[in-house]
Structures are given as C-alpha cells and as structure tokens.
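Asks: okay, sequence plus prediction incoming.
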Amino acid sequence: MNNQPTRENLFLNAIRFQFPEDPKTFYFLHTTGKRNFPFLTHHNKPIELEEAFPDFKNSDKIYSTFEVETNGFTPVKIDLRDPRNFAFAKRYYNRLIYQYFVSKNFLIESNKITKDNQIWFRADRDNPYPECIKYDRYTLRVSFDKFNNAPQLVITYDRPTWMYKKSVAAIMQSADDPFSSIQPSAELFGKVVYRRKDKFTKFIVDKYSSISLTDNFDSNNAYPIMNRELINYLQIEFADEDENHELSSYKKTYPRNKYKRYLDKISAFYKIIDNDKFRKLINIENKFTKLNPLQIGHTNSASRSLMFGGNVTNYNPQIGVNYGPFQPTPYPSVSMLAIFPKEDKKAAGNLLLYFKNNYKELFKGLKLYIGRDFSFSRQYLEIQDTNNILEELSDFLRNMTFNHNEKIIAIYLTPIGKHTSDKEERKIYYRVKEKLLKYNIVSQCIETSKMLSVIEHDNTNTDSNGNPQKNFAYTLQNMSIAINAKLGGTPWRLSSQKQDELIVGVGAFRNIETNTQYIGSAFSFDNTGSFNSFDYFLKDELEELAGSIENAILKFAVANGKPQRLIIHYYKTMNHKEIAHIEKTLHNLNLDIPFYVLTINKTESEDYVVFDDNYKELMPYSGTYVNLGDKTYLLCNNTRYENARLNPYDGYPFPIKIKIDCPNDPIRDIDTATINQLIDQVYQFSRIYWKSVKQQNLPVTIKYPEMIAQMLPYFTDANSYDIDTNHLWFL
C-alpha cells in the first residue's frame, strides 16, 4: 500500500468485539417435521453439527433454540471463533441484538435474508411534516474484518423515513366520491408499521402485501410508510433529494457536511449500547475501529490530472475549461434551435444571447467551450399550448427545412422538470428528447421557472464583497461542456499515457412505474477516458450484453489494435452466467487476455464510512483507499487534496465500495500493482463527467449507463436502432 499523507488518523464506523474464548452450548433439533422455532440450513449451520447429526443433508433444516435448553433438543458445544462458524455466529448475535432492543421497546425491522437489525428512533425535533411521524433508522450489522481477522459491529445511519399518522383503514375509508378517477387502493401501501398484540413485540415493520394476508389482520392498526405513490395521492409536498440536487445545479449553495452529521448520529446510537448490559451479550470495545496503517493506500497524485485545450493540464475542471475543450466539436457548422412556450419568448431570447455573448462577464459564451462559432437557427418553435407540446413539436419537425451540412443543438425551455411527480408530464419531458433524436438533433433542456428564479436572485442580491451575484453563470458553464460532449467533442480527457486496454461500464436502473429494468451497456472507453460508444438492452438479454462487449472490442481493435486486457466496471456482483457469456466472447475472438471485473456500488457506501479524526471536517484525503479484505476496497473520491484548500461547494461525498475479481483466473491473487492501477482508474474515471465541472464520486462507467437507462423506459421506441449510440446526447 502507498504511504498515507501526513496528519491522517483514520477510523471506520465499526466497533470490534471478541468471540468467547470457550465453546458455548447451543440446542438443536434435526427433524423432517415443521416446527415453530428458528431454523438453520447448510449455509449457516455450525461445523460441529456434521458430527452431531451425520445424516444431515444440504436440503434439510435444523431447528435451534440457541442457548435456551429445550425438551427434545440436542445440546452441542459450538466454537464461535472458528471461521467456518461465522454465519451461525452472525445469526446468533443478530438474535441477541434483536432481543436487546425489543426489551427497550424500539421499533425494529429485520432483514429477511441477512437478519441484520434496523432500529428505528422516533425523531420529532427536526420533522417538517406534521401529518407524519419521522424515524431515524440505524442498522447494527454483525460483520467480520477480513483484513485484521476480527469480528465487529458496523453501525450505519440509514436514511430517515416517515410514517403517516392515519391508518390504512382511515385512508381507504376517506374516499367519498365513488365516481372519482382518483381512488385509494392497496397499491398505495409499501411498508407499514403494524400494532400487534404480542408478548414480545408491540409494533412490527413489514410489507403491507404480506402482513395484510395474516390471520386477524386489522387495517386500523396498520400505519403506512410514506412512498411516492402515497405522497402523490395525499398531495403532500415532500422535499425530494433529487429535486434538491437539481436546484443546486442552478443556484450555488453550500452542501451540508455529511461526515459530521453521520458521525453525530452513529455516536448517539453508540451510547445506547455502551453499557454493561449490552456488553454481557456482545463484548464490544469502547471506541470506533482505528484503521491499520497496512490497509491504507493512496492513488497516484498524477491520477487527478486532466488535459484541456492547448494540452494544458489542471486537476480542477472549473479552471481548466477556461482554456477551451481538449477536442472541439467535429462539426464545422453548428446551429442553435430554440424551443419554448410562447409566454417564455423573452426568457428564451435572453438565454440564447447569454450563450452567444456572455453572462455578467463571468460566463464567456458557448464558443469557448465547444471550440467553434455557432449561429442561431432561422427556425424556432414557439409552443402555443403547453398541453399539446408533443403534437406541436412533431408538426414542426415534419415541416422543418434541414441543412445537412450543419449540426443542430436544440435549446428547450421546458415547463416540465424531469423530476416532476406527475408520470404523464415526466413522459412528455423525455419524449421531447426522443422526437428530436429521431431527427438527429441533440438537445439541452432547462427548466424555465428555476432559471428565472436564479437570474432574479442574481439581479437582486450581492456577494460578501458587495458585488452582484452571478450564480447562473455556473449553470451556463455546465450546460456548455455538456453541449460540447453531445456534439461529439471532448471537454477534457485524462492526462494518462494511452495503453492498449478497453474499459467497459455496465449499469442498471429499474423503472418503478413500468417495472422494467434496463441496462445501459457497453459504455466503452480507452484508458484516457475517450468515449467510444454504447449499447442498451433489457436486463435478461445476456447474449446482447456479451454481444455489446464483443462490438466494443472489435471497434477498439480496428482503431487501436488488439487490447491487452479488458476491464469491466459492473453495477453488481457478476454471476456465473454473465461471466460465461463474456468468456465465450473472448474465446470466439481468440483473445487470450485477462479480464477484470470491478463491482462498484451505484450509491455511496453507507455500510462502511471512513473518517479522518485529524481533520475538523472529518473527510479523508481524496484518493485514500482502504483494504477491507476479500478484494474489497473503500475509495475516497472528493476534492480534499494535500496543500490545497477544500472548496465547500464541492460537497462531502462518502467513499465508494469496489470489489475486484479476475474471473478467468479466479484462483490466482491479483498483484498489488494491478490493484493499484485498477483503483487509480476508477478514481480517474470519476473526473470525466461532462455534465458538470463539479467533481463526482462515481466513475462515468457507472453513472452514464444509469443515466441512459433512466430515460429509455419513457421512450416510445426504446429498442429502435435509430437512436444515436456514438454521442453522449443524454447528458
């Protein structure tokens, strides 16, 4: 591992404990009959049961009352320190944790598979929704530190949730118009908190679809957890995190320090188990786990270097883009087509002039970012009826005169946001893009109301120095680099020596409304971050997945020669069928090369979070990575650098979790140099996100596939081969 920076003191959100020195006696029953006791399978049975029950088959179940002596059950001494018994130990300790918090009357939700316990704390103090009860949720996960060979409890602060104060019965009875098109139904309810008369549990959390089928179920005692469907039905104004993020892209605001908040939350939770009663159950240490220096590494400092126009290098995109794009749009003639509602004509005209000239002298105009002059199209669409947008656009495009020597970028002032809660409006937003794509027109959308709000704020407020604010300049800058990428240009690339290797990103997105899971693949790049192409298809189309990777290899080989290795950034753990298809592809191409699969979590890691105790903001240095054992790593990907001041506008992203495998040589250990290179590459690929100059924590190999997959379910003809797969039109 690399030397860690000076003044770094890292710890995890985990607390170590010790297994008992001596074997403990547990009670078991092997029977073919069904009993009302917890059961074990061959996955989590202790190794000692092979001798105690020699006729046990893998399909059998063994019941256990754990430490409770029970008539007819066989006592067996179990060594919890034996690594082969960890699955049983986890089940045992989860049971103890559950009983401990039940005795304190906490609301608990247990994971149906892992049996990890999520404990719910009522949080009335900072609840903005009086019609709901807010709960902070924490998971106490029994884990094993595979690097240091020690058991631990991982404390995670999960996202809060809200329970509606009225019962399911009250909601169902609230309908007073039998002919209304909006009626309550069971589909509104996901999870519910259910009040049950039980000697152990007063309240339980479960899916409504499951618990409503149980004996003696009473919907008067079921209180729904808020979800999108219920929020829309009740017409409650709930703040949406995606919406807040979208607002921040229009208005420059300080993000909240998540590290401080997270540590405050888990420290408060720790106080509940920091007592002798809990330590009699699980002998935990009295502090969070400090990291072993041997498990800490850092990416190469050169990994963050980017190359801009004139081959100028800089690690900060916001500075570097002022030198122009690394590669201008290849189209010598670019035309800007305006689409806007008639009432927004003045706003549209002003926006186009900002692109042509400047905005308050801070944004220097679009030409700087695309590297070409551009003109305004003589044609434009002034939408007469915003309830008829798609029809008006279709008519306009059918009658439009095209000049095949120019490339069109449409600037669309939309009255509809892509995060609108109205499903039909959301379809319209995306189908405008689809219709334009069918005519080979890429588009840049901006929500008019938000744009005008930020401009108004700029015009009526000053900064700390008394100067007029210029927040909208940052929005224009972000849109401009995205426009260059949509037009086939390269805003910037990695400052890396080109190598003969192909990087492919595969991501997924499940559309809740259509219950369709699309996969965006293969987003292929070379090691400098130069984009090649992408394909997309449905989740179960494994042959298409392999075929898209084959196409990516062939395209790469034509331009660069045979790749020396294939690197796949995958959104989940790759299963045997998926591996087999890729191996078959390599065999068919007669490519005897290693291929590495990096499983990268789509969301920031909130099971493991690493903190720097020597830094008041708690966020570790960018490029720090932690070996968790079992080829799994945490990578800190942010803008805190040595000898540089952190820009608080960049935010405080949590680390991402990466697992590295070499499926066509799974037995051989991956050498340290290769691991360092692969982690460096993930770090680098987070720096070529051409939708914003703001640093991202996830690599584009994961972000881009998800972005395209979010759009496709709304398209009328998502499988059409007419859609361009050689440009990043979806940015």
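Replies: That came through fine. What you see is a predicted model; the values in this text were computed from it and never measured.

Asks: hey, where'd the strands end up in the stretch 51-200 of the chain?
Replies: Using DSSP state E, counting those that start in this stretch, the strands of the stretch 51-200 of the chain run over 62-66, 74-78, 107-110, 117-122, 132-145, 150-164, 191-195.

Asks: with only the CA atoms kept, save the fourth one in CSV.
Replies: Read it as strand 117-122. C-alpha atoms of strand 117-122 as CSV (Å, rounded to 0.1, in the frame of the first residue of the first chain):
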residue,chain,number,x,y,z
ASN,A,117,-31.5,-5.4,12.5
GLN,A,118,-32.5,-1.9,11.6
ILE,A,119,-33.5,0.0,14.7
TRP,A,120,-36.0,2.9,14.3
PHE,A,121,-35.7,6.0,16.6
ARG,A,122,-38.6,8.5,16.7
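
Asks: picking up where we left off before, out of the strands of the stretch 51-200 of the chain, the one nearest Pro184 is which?
Replies: Among those, the nearest to Pro184 by CB to CB is strand 150-164 (12.0 Å). Where C-beta positions appear, they are placed from N, C-alpha and C, glycine not excepted.

Asks: so, low pLDDT: which residues of the chain?
Replies: 1-6, 198-201, 239-254, 418-422, 510-522, 538-542, 602-606, 718-722 (pLDDT under 70).

Asks: domain map for it?
Replies: Following automatic domain parsing, the chain resolves into domains at 24-78, 87-294, 328-486, 496-604+655-714.

Asks: any chance of the ones you listed in JSON lines, plus distance to Phe308 and mean neighbour count?
Replies: Putting the domains of the chain into JSON lines (distance: least, CB to CB, whole Å; neighbours: other CB atoms under 10 Å) gives the following:
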{"stretch": "domain 24-78", "distance to Phe308": "53", "mean neighbour count": "15"}
{"stretch": "domain 87-294", "distance to Phe308": "22", "mean neighbour count": "16"}
{"stretch": "domain 328-486", "distance to Phe308": "11", "mean neighbour count": "17"}
{"stretch": "domain 496-604+655-714", "distance to Phe308": "11", "mean neighbour count": "19"}
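
Asks: how about the ones you listed, which one is nearest Leu12?
Replies: Here domain 87-294 is closest among those (CB to CB), at 4.9 Å.

Asks: can you tell me the distance between the two ends of that closest one?
Replies: End-to-end distance for domain 87-294: 27 Å, by CA to CA, to the nearest Å.

Asks: kindly report the same for stretch 629-638.
Replies: End-to-end distance (CA to CA), stretch 629-638: 23 Å.

Asks: for that stretch, list every residue counted as buried.
Replies: 631-638 (16 or more other CB atoms under 10 Å).

Asks: now, which of those residues sits nearest Lys360?
Replies: Asn638 (29.3 Å).

Asks: pretty sure the closest one is touching Asn697, no?
Replies: Yes - here Asn638 lies in contact with Asn697, judged by CB atoms under 8 Å, at a distance of 6.7 Å.

Asks: how about JSON lines for the domains of the chain, with distance to Arg304 added?
Replies: Shown next, in JSON lines, are the domains of the chain (distance: least, CB to CB, whole Å):
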{"stretch": "domain 24-78", "distance to Arg304": "43"}
{"stretch": "domain 87-294", "distance to Arg304": "20"}
{"stretch": "domain 328-486", "distance to Arg304": "18"}
{"stretch": "domain 496-604+655-714", "distance to Arg304": "6"}
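
Asks: hmm, back to that, which residues are in contact with both of Asn638 and Asn697?
Replies: Pro653 (CB atoms under 8 Å, 6 or more residues apart in numbering).

Asks: could you dump stretch 669-682 to PDB, C-alpha only?
Replies: Taking Å, rounded to 0.1, in the frame of the first residue of the first chain, the C-alpha atoms of stretch 669-682 are listed here in PDB:
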ATOM      1  CA  ASP A 669      -4.200 -13.500  -6.300                       C
ATOM      2  CA  ILE A 670      -4.200 -10.200  -8.200                       C
ATOM      3  CA  ASP A 671      -0.900  -8.500  -7.700                       C
ATOM      4  CA  THR A 672      -0.600  -5.200  -5.800                       C
ATOM      5  CA  ALA A 673       0.500  -3.200  -8.800                       C
ATOM      6  CA  THR A 674      -2.600  -4.300 -10.800                       C
ATOM      7  CA  ILE A 675      -4.900  -3.500  -7.900                       C
ATOM      8  CA  ASN A 676      -3.400   0.000  -7.600                       C
ATOM      9  CA  GLN A 677      -3.800   0.600 -11.300                       C
ATOM     10  CA  LEU A 678      -7.400  -0.600 -11.300                       C
ATOM     11  CA  ILE A 679      -8.400   1.600  -8.300                       C
ATOM     12  CA  ASP A 680      -6.500   4.500  -9.900                       C
ATOM     13  CA  GLN A 681      -8.600   4.100 -13.000                       C
ATOM     14  CA  VAL A 682     -11.900   4.200 -11.100                       C
END
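
Asks: circling back to that earlier point, nearest to Asp613, out of the domains of the chain?
Replies: Taking these one by one with CB to CB, domain 87-294 is closest: 8.3 Å.

Asks: so which residues of the stretch 1-150 of the chain form helices?
Replies: 49-52, 86-103 (DSSP state H, counting those that start in this stretch).

Asks: as JSON lines, these with distance to Ile656 would be great.
Replies: Formatted as JSON lines, the helices of the stretch 1-150 of the chain follow (distance: least, CB to CB, whole Å):
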{"stretch": "helix 49-52", "distance to Ile656": "39"}
{"stretch": "helix 86-103", "distance to Ile656": "25"}
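
Asks: so which of these gets nearest Phe28?
Replies: helix 49-52 (6.5 Å).

Asks: who does the closest one touch, helix- and strand-wise?
Replies: Here helix 49-52 touches strand 74-78, going by 3 or more CB pairs under 8 Å, 6 or more residues apart in numbering; DSSP states H and E.

Asks: much appreciated, bye for now.
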